[in-house]
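> Return a 3D structure for these sequence lines:
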Amino acid sequence: MSTTTPDPLPPATGTFAGRASFRDLIRQAFAQGVEGRWREIVVCDVDFSDWPLAERTLVDDLTRWALWGGRLLMLAHDYHGVQRDAPLFVRWRQQWSHRVECLAVSDLGVTDVPSFLWSARWCLQRHDVLRSAGQCASDAETLNALAQRAQSLQSRGGPAFPADVLGL
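From the prediction side, this is the model:
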């Protein structure tokens, strides 16, 4: 009889409100991505200005996650704020460019770009960006609907936030 380790539980489900709660859930999600060996994570935001991408702990979790083969898809209106305000993440993105795809959905207006984190097992959607209010879920219906939305955004996105700038 073989024993298997149960999958770690994803972060909490339900509603959240406030920037601190939102940022904490993002941290928990990336930590869980490591523990749960989430194969793919998709993140989307107008510019990721509220996301804790500048934090060493989050970047360390991303490194551990990428080491075993995780793939990150980022969708944004633009990445100027990330490039300016999150140098640790920028260096991480350069090192792990083979695991990260960054696309711009700049044909959408800034108010039309959704804010979410999706994995095949858990997701977070920020419905009210000003109040950082939204919902976390792990049910199949919500996960599938958000996956379809992410695919739609990916199909209309174009390459952005290059890992290397050649300056030619």
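
> Next up, identify which helix or strand the most centrally placed residue in the chain is on.
Note on the chain: the residue nearest the mean C-alpha position is Val43, at 2.9 Å, using Cα atoms, centre = their mean. Per DSSP states H and E: Val43 is located in strand 40-45.

> Within the sheet, what are the partner strands of that strand, with directions?
Strand 40-45 pairs in its sheet with strand 71-76 (parallel), strand 115-119 (antiparallel), by DSSP bridges.

> how about the helices in the chain?
Taking DSSP state H as the criterion, the chain carries its helices at 19-35, 56-67, 80-85, 87-95, 140-156.

> For Leu117, grab the count of nearby residues.
24 (other Cβ atoms under 10 Å). Where C-beta positions appear, they are placed from N, C-alpha and C, glycine not excepted.

> Would you confirm that it contacts Arg23?
No - using Cβ atoms under 8 Å, Leu117 is not in contact with Arg23, being 11.6 Å away.

> residues contacting Trp38?
32, 65, 70, 119-121 (Cβ atoms under 8 Å, 6 or more residues apart in numbering).

> try it again with 7 Å
70, 119-121 (Cβ atoms under 7 Å, 6 or more residues apart in numbering).

> so which two of these are the farthest from each other?
Gly70 and Arg121 (12.7 Å; Cβ to Cβ).

> More neighbours: which of these two?
Taking other Cβ under 10 Å, Gly70 and Arg121 do not tie; Gly70 has more neighbours (21 against 17).

> Which pLDDT value goes with the more buried one?
Per-residue pLDDT puts Gly70 at 93.
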